[in-house]
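1. kindly return the folded structure for what I paste below:
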Amino acid sequence: MATKKNYSQAAMVQGILRTLGSRHGITIGQLAEEFGVTKRTIYRDLKALEEAGYPLISEIVEDTTYAYWV
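-> Sure thing, here's the model as predicted:
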């Protein structure tokens, strides 16, 4: 895992949204590495975004989970 970066929760969520908006599909592992956190943290933040009403989807392709902002 990459070196942990010091993002506030709000900054990380905003960064995740920005990243999802600029790429068509990114793996949970890539997001975790980019933000220097665990995959579990990314899953938690994606769930919070979905619960807040953001139209996110995920799909599993060959045992790899991809996230999308639709």
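2. K47: which element?
-> Secondary structure here is read from DSSP states H and E; on that basis K47 sits in helix 39-51.
3. show me what the helix or strand following that helix is packed up against.
-> The C-terminal neighbour of helix 39-51 among helices and strands, as given by DSSP H and E, is strand 56-61. With contacts defined as 3 or more C-beta pairs under 8 Å, 6 or more residues apart in numbering; DSSP states H and E, the packing partners of strand 56-61 are helix 39-51, strand 64-69. From N, CA and C alone the C-beta is placed, and that goes for glycine too.
4. what's the spacing between the closest residue to L56 other than its chain neighbours and W69?
-> Distance criterion C-beta to C-beta, 6 or more residues apart in numbering; nearest residue to L56, sequence neighbours excluded, is E50 at 5.2 Å. Distance of E50 to W69, given as C-beta to C-beta, to the nearest Å: 10 Å.
5. settle it for me: which of the two has more neighbours?
-> Just comparing E50 and W69: by other C-beta atoms under 10 Å the higher neighbour count belongs to W69, 20 against 13.
6. still on that earlier bit, the residue nearest to L56 touches A67, doesn't it?
-> No: in this structure, E50 sits apart from A67 without contact. The criterion is C-beta atoms under 8 Å, and the distance is 10.2 Å.
7. shared neighbours, the two?
-> Taking C-beta atoms under 8 Å, 6 or more residues apart in numbering as the criterion, E50 and A67 both touch L56.
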